[in-house]
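# got a predicted structure here, sequence first:
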Amino acid sequence: MKRYLVGAFLVLLGMSGLCFAEEVERAQGVVMLHGLARSSECFKTMERALNKAGYKTLRIDYPSTTSPVEVLCRDHVAPKVKAFAKEVKGPLAYVTHSMGGIILRFLAKEGMIEKPFRAVMLGPPNQGSEVVDKLGDLWLFEAIHGPAGHQMGTSKGALPNILGPVNFDVGVIAGTRTINLILSSLIPGPDDGKVSVERTRLQGMVDFRAISATHPFIMKSQDAVELTLTFLEQGHF
């Protein structure tokens, strides 16, 4: 009888452990980080899909044009992520647009947040943008985009290129359509009007897709929404 009870207990313990492993295979919350000169409003379509899929969500607003990335992360983004993490009490995934991807990379590299469970980056300048190289020194560019915009160039010393590879699962989605032919003329190869497809790629990323979408509206694309949900659930597109 004792042997039977011990065996049953071990089986139940094993099943319990299996259930726990399955539970932590899914993020409990998703943080959305908008890009330069944008707001969290751009993620409303994405948020509805995430909520419908059962995720708690946080759309973070931060004053992207007022300070360099380091200050934006320290003073505006990291505190909100930490507060959300305490509320959710589980692993967090991320969905970012444009410079939001660089914000996430900086947060993770500097240990300002817990290691992300998974992340999807939409149109990220992971290797910088030629638009910044060509226009970054103009007064108007600085006035519109601020210090953080100036950090998004393609040089070896530019912030996107000194952050290094990621140590968490990232899927990158690039856009291939543009509504800004002037800016696209400054970018070699296929682009979304702000970033070339090639420069969205990131060392250490798990998966990559290029879709027919423009930089400003890629987060509203149904293809991007569906791919994002798939990656967050399965770890690949």
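In hand now; what should we look at?
# OK, contacts around the residue nearest the centre of the chain?
To find the centre residue of the chain, average its C-alpha atoms and take the closest one (C-alpha atoms, centre = their mean): that gives Thr96, at 3.1 Å. By C-beta atoms under 8 Å, 6 or more residues apart in numbering, Thr96 lies in contact with 32-33, 35, 103-104, 119-122, 124. Where C-beta positions appear, they are placed from N, C-alpha and C, glycine not excepted.
# again with Val172
Counting by C-beta under 8 Å, 6+ apart, Val172 touches 120-121, 124, 126, 200-202, 205, 207-209.
# beta partners for it?
For Val172, the residues forming beta bridges with it (DSSP bridges) are Met121, Phe208.
# and the pLDDT at it?
Listed pLDDT for Val172 reads 98.
# all helices for the chain, in order.
Counting by DSSP state H, the chain has helices at residues 2-23, 44-52, 69-72, 78-88, 99-109, 130-135, 139-150, 159-162, 181-184, 222-234.
# just name the most buried of those.
Here the criterion is mean neighbour count by mean count of other C-beta atoms under 10 Å, and of the helices of the chain the winner is helix 99-109, at a mean of 25.
# residues in contact with that one?
Residues from elsewhere that reach helix 99-109, judged by C-beta under 8 Å, 6+ apart: 32-36, 62, 64, 69-70, 72-73, 77-78, 81, 94, 96, 112-113, 115-116, 119, 121-122, 124-126, 148-149, 151-152, 159-160, 163-164, 166-168, 202.
# put the buried members of those residues into a PyMOL selection.
Those of those that meet the burial criterion (16 or more other C-beta atoms under 10 Å) are gathered into one PyMOL selection, given here:
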select buried, resi 32+33+34+35+36+62+64+69+72+73+77+78+81+94+96+112+113+116+119+121+122+124+125+126+148+149+151+152+159+160+163+166+168+202
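# Gly111 is in contact with Arg74, correct?
No: at 11.9 Å, Arg74 and Gly111 do not qualify as touching, with contact defined as C-beta atoms under 8 Å.
# higher neighbour count, these two?
Neighbours of Arg74 and Gly111, each counted by other C-beta atoms under 10 Å, are more numerous for Arg74; the result is 15 against 9.
# which residues does the closest residue to the more buried one other than its chain neighbours contact?
Spatially, and ignoring its direct neighbours in sequence, Arg74 is nearest to Met112 (7.0 Å; C-beta to C-beta, 6 or more residues apart in numbering). Contact partners of Met112, counting by C-beta under 8 Å, 6+ apart, are 73-74, 78, 106.
# how near is Ile187 to Leu232?
In this structure, Ile187 and Leu232 are separated by 29 Å, where distance is defined by C-beta to C-beta, to the nearest Å.
# now swap in Ile162 and tell me
Applying C-beta to C-beta, the value for Ile162 to Leu232 is 28 Å.
# re the thing from before, mind pulling the model confidence for the residue nearest to Arg74?
Met112 carries a pLDDT score of 98 in this model.
# now Arg3
With respect to pLDDT, Arg3 has a value of 47.
# what's the answer for the one 5 residues further on, then?
The model reports Ala8 with a pLDDT of 47.
# where in the protein is the helix or strand with the lowest mean pLDDT?
Averaged element by element with mean pLDDT, DSSP states H and E, the chain has its least confident helix or strand at helix 2-23 (a mean of 45).
# residues contacting Ala27?
With C-beta under 8 Å, 6+ apart as the criterion, the residues that contact Ala27 are 55, 90-93, 117-118, 232.
# I'd like those residues laid out as CSV, including pLDDT and distance to Ala143.
Shown next, in CSV, are these (pLDDT from 0 to 100; distance: C-beta to C-beta, whole Å):
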residue, pLDDT, distance to Ala143
Tyr55, 97, 37
Gly90, 89, 42
Pro91, 95, 40
Leu92, 98, 34
Ala93, 98, 35
Phe117, 98, 38
Arg118, 98, 36
Leu232, 98, 37
